[in-house]
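[1] What shape does this take:
(chains A and B)
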Amino acid sequence: MRHRTALDDVVFEEIDTSRNPYSKARPLTALLRQPLNILLGILALTWIYPVRDYWVFTISAGMIVAIVALGIMVMTGWCREVNLASAGVYATSLYLSSYVYREQPGWGKPLWCAVLASIGIGAGIMLGVSLLSVRFSGVYVMVFTLGVQIMVERIMFTRYHLTGGDTALENPRPVFFGHHMEGHDRQFYMFLLVVLVLVMALLCRVRYSPYGRAMMLAGADQQSAAAVGISPWKAKALGFGICGALSGLSGIMAAMLFVSAPTTVNYQATTSLLWLSIAILGGFDSMTAVVGVALLFQGVPFLLEKFHVDYQGLAGIALLAGVLCGARGVGGRLQDIYRRLRFGPAVKRRAARPNTLTTSASVLSRADGIVDLAEYGGAAPAARRQALETLEGWFPARRTEPIALSAENIWMSFGGVKALQGANIEVPTGSFTGLIGPNGAGKTTLFDVVSGLQRPDRGTVRLFGENVTGMRPWTRAGLGMTRTFQTQRTIKELGVCDNLLAGAGLRIHGNLGQFVIGQPRVWRQVRAAEEAAWAIAQLLNIDRYWDERVGELEFSARRRTELGRALMSGPQILLLDEPTSGLDPASSAALIGLVRQLQADLGLTVLLVEHYVKAVLESCDLVYVLAEGRTLAHGDPLAVAANAEVQTHYLGAGASSSTVPWRQRMAEERRTAARV
Amino acid sequence: MLGFHLEPSLFGPSFIVGIANAGIYSVLAVALVLTFKISRTIGFMHYGVAVIGAYGYYHFTAEYHWNGIACLLVLVGIGTVIGGLYGLLVMNQRIAFLPRITLSMISLAVMLLLTAFATRLFPVRPDVALSPSPFGEHAVRIWSYNVTIHRIVSLGITVALVILLALWLNGTRAGVNVRAISDDVEAARWSGIRLFRIGVGAYAASGAMSCLAGALLAPTAGTDISAMLLVFFRALTVAVVGGFRSPMLALLGACVLSLTETFCTTSALGEIGPGTKETAIFVMMVLTALVVAKLRRTGHRLEVEVL
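    Predicted coordinates:
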């Protein structure tokens, strides 16, 4: 008999679960609802009239730098790759596109041609660099981008017919609707403001679209991204492309603003570092902060001219300050302060949103470790029913092939170590299958082979009968197979909501253009994804953390968030690699029970690797035992536990299972309930 | 313009000059390798220390007319102090275990601050282009080609440094500790290795090397910041080519890169423009890194971060 806990006596108020209160599926509307943004907008439109011309010009230059910095923010903050070539790309676009636009020396083409050329040049260079990120990441990409910068300096900056050398080349300002902007700094400022606002609006839409979340997940962890159907390379290439395109766009804007093309000295590697420091200090969480820092960087040295502020020193201090602020930068810090002032501290915020009364909640809150699985058969509260109804619409139709997954005669070695030696496994559709074995038995390697992270030396992997051995992990995910990992892998800087939605890419259809222009059909899908994420959060009992950052949550909640992200991809088969690793026995049992219940409710096929043998034997329909890379035994949990070879290799001699399998217990409970 | 036209008569001199030039690159590269072994990040701050070395050497010799060797010794001391101070900062427990990208950012920030500091502290006189070599201005004739004593001694210093470092890494307890930290910082810490002490020592030593490299650069590259950045990038390329693993490989990488560069510059392979030369060096770096990644890949398909 289980002990009563304080939570058993608490009557929670049921909350309306039909819609979650923090919709981000209308990003622009959400921004316009913020009074601070409206205020900033009014300020941006009006401040230019009482000030002197040179201030308007300086801030216009700052806005151009802000566009570059926003691009760097996408690459550094979202994709977590450092770009040290932004000044080179910017300068290349500036000189080449002004050649397209200028009459003499140049081609004298219309402005829109120059703008397209500029964006194309920037995006093209960065997409070329992104090819390198297929094989490398981190500091290597940093070195390669520095190499690109040096190459630009050697190749581009020595072409004096393009750059003008010491004699500045004249670029005309644009003519809009017959109105020439030559000598009208305020009007040109307005034009730049419109461009900047458009760039921010487009980036905002990208950020809350599946593409933005894919970039962030691929930046945080490539394997997790691949596991939910995101091609990390494509996601990163998109980030590189956006960064290059924005550098290009700012290049042509600079060509028009400065009239006399600036000399190449301004665009050397140290300038790239300066712009990088703007993006780092601003942080990836707030575009307004990045723009603000860029304007400050342009304005402050101008204000403090008599002190001869050194740009390198300024960039160094900004980078250090950015590192101190963390990945979310000054923008993130300011948001934290604002949230704290408006909604109170995290504890208070969570208390205001109590757990919904689901069985999972009561099981997870129990501390005695006794999991009464019979409870799951009882009547579910309204919230739970509603959540499951929502998910019914989200998950694809269940497949009916008898065998969901099979791995036949898998061999895999790492140098001299033979991790797998002809392992076989077959997972029936709709089953809850366990995979156990001693450390080093090859369980995780088999998981990696099955999910596509490792290519086997020999053997075949089939998913619903289809041979997927040569397929990439994200292609397999597209066929309905998702996995979690032994170590906890979430985007710590983002909230539970964003982490869950990062897994929804496979269930939302639409190209980047449709999201950017705001086509209602694709954004409706995002709203549906939010509903599904909210439902999953409720089932996993993490809804109270909905807008809390994952890095600040307790371990078990992070685990459940990761599980929720996997569920958001709408899998047919879910591979769980030691989901209870790092949890105490009570939480472990509760989590396994919760997964078991979700499997039954959602009709999933689950393959579970677990060291917590008692839970596996209690919960699984079928158990495989792996030892020394071979399948030692498989079958009914009771039969496996009684197998002499399994006892010798793993469970220990004389071990016997006193546990009753889940289905048997459920049937017993139902019979008892019927009798009563 | 790319026009390959082999000039066999230039092969010998190009080879000699290329090997002699390798010394300049590899002193910085060895410092980068040593720092990488401790932190598994690229020590961008070495560029800042090298700028202090170059500007300091220029300033002391041009302004105060100090003896070149004395200058070198003083600057090595300054480099040791700066490297040690940086080590104190980044080997601090709160910082040492930060992600590598964050540590690289700190390194970049310190690099910028040191560069700004150097240009402020040691202003350059426009009338003096290059500072005198500490080893004299005479040249040695090798294979009918004049090679300055400065280049030869620089190479000698590098070779000596590489041998000393290799002996230290393989033959001393501290060296083995450095290798252990390079493999797994956490495991090394729990094995009782004094991470802080070893780390600060390694940073101090690498700071000394960077400052020495900067001072050795001043007589050849002058105090042009962009020229120095190019040399730093070359050193970085050398370290990448050497796989950031051993000083010996870094020296080898320096020789390969320097030979490529010299053969392009001396027209031994025909008239090759600066852009083509730079592209060739970049492609060589990428290809070598790809090969190193391929050789080292034993893990997951997507764990492609070779560092």
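
[2] Could you use CA atoms for every contact and neighbour count after this?
    Noted.

[3] Next, give phi and psi for B:Ala139.
    phi -120, psi 160 (degrees, to the nearest 10).

[4] pLDDT at the closest residue in space to it that isn't next to it in sequence, what is it?
    By the measure of Cα to Cα, 6 or more residues apart in numbering or on different chains, the closest residue to B:Ala139 outside its immediate chain neighbours is B:Thr148, 4.0 Å from it. As predicted, B:Thr148 sits at a pLDDT of 83.

[5] what's the answer for A:Trp662, then?
    65.

[6] that's a strand at A:Val427, yeah?
    Yes. Using DSSP: H, G, I helix; E, B strand; the rest coil, the assignment for A:Val427 is a strand.

[7] what's across from it in the sheet?
    Under the criterion DSSP bridges, A:Val427 forms beta bridges with A:Leu405.

[8] Wait, it touches A:Gly434, no?
    No. Here A:Val427 does not reach A:Gly434: they are 9.3 Å apart, not a contact under Cα atoms under 8 Å.

[9] Show me the shaky parts of the stretch 301-450 of chain A.
    The model of the stretch 301-450 of chain A has pLDDT under 70 over residues A:351-381.

[10] before we move on, the earlier item: what sits against the residue nearest to B:Ala139?
    Contacts of B:Thr148 were listed using Cα atoms under 8 Å, 6 or more residues apart in numbering or on different chains, and they are B:Glu137, B:His138, B:Ala139, B:Val140.

[11] Which residue, other than its chain neighbours, is closest to the closest residue to chain B within the stretch 251-400 of chain A?
    Using Cα to the nearest Cα, A:Gly316 is the residue of the stretch 251-400 of chain A that sits closest to chain B, at 4.1 Å. Distances taken as Cα to Cα, 6+ apart place B:Ala109 nearest to A:Gly316, at 4.1 Å, with adjacent residues excluded.

[12] Name the residues of the helix or strand that contains that neighbour that are buried.
    Applying DSSP states H and E as the criterion places B:Ala109 in helix B:100-121. Across helix B:100-121, burial judged by 16 or more other Cα atoms under 10 Å in any protein chain shown covers B:100-119.

[13] And stretch B:62-73, end to end?
    Using Cα to Cα, to the nearest Å, the end-to-end distance of stretch B:62-73 comes out at 17 Å.

[14] buried set for that stretch?
    Result for stretch B:62-73 [16+ other Cα under 10 Å]: buried residues B:Ala62, B:Gly68, B:Cys71, B:Leu72.

[15] Out of the residues you listed, flag the one nearest to A:Ile72.
    Set against A:Ile72, the nearest of those by Cα to Cα is B:Leu72 (39.8 Å).

[16] For B:Arg151, give me its contacts.
    B:Ala20, B:Asn21, B:Gly23, B:Ile24.

[17] Could you report the neighbour count for the first one?
    What it means is B:Ala20. Counted by other Cα atoms under 10 Å in any protein chain shown, the residues lying close to B:Ala20 total 24.

[18] Could you pull up the contacting residues of it?
    Going by Cα under 8 Å, 6+ apart, B:Ala20 touches B:Val147, B:Arg151, B:Ile152, B:Ser154, B:Leu155.

[19] coming back round to it: which helix or strand lies directly C-terminal to the helix holding B:Ala109?
    strand B:139-142.

[20] List the strands paired with that next one, with their directions.
    strand B:145-148 (antiparallel).

[21] next one: the partner strand to chain centre, how far?
    23 Å (Cα atoms, centre = their mean, to the nearest Å).

[22] Around the nearest residue to B:Gly77 once chain neighbours are set aside, how many other residues sit close by?
    Closest residue to B:Gly77 apart from its sequence neighbours, by Cα to Cα, 6+ apart: B:Ala208 at 6.6 Å. Neighbours of B:Ala208 under the rule other Cα under 10 Å: 28.
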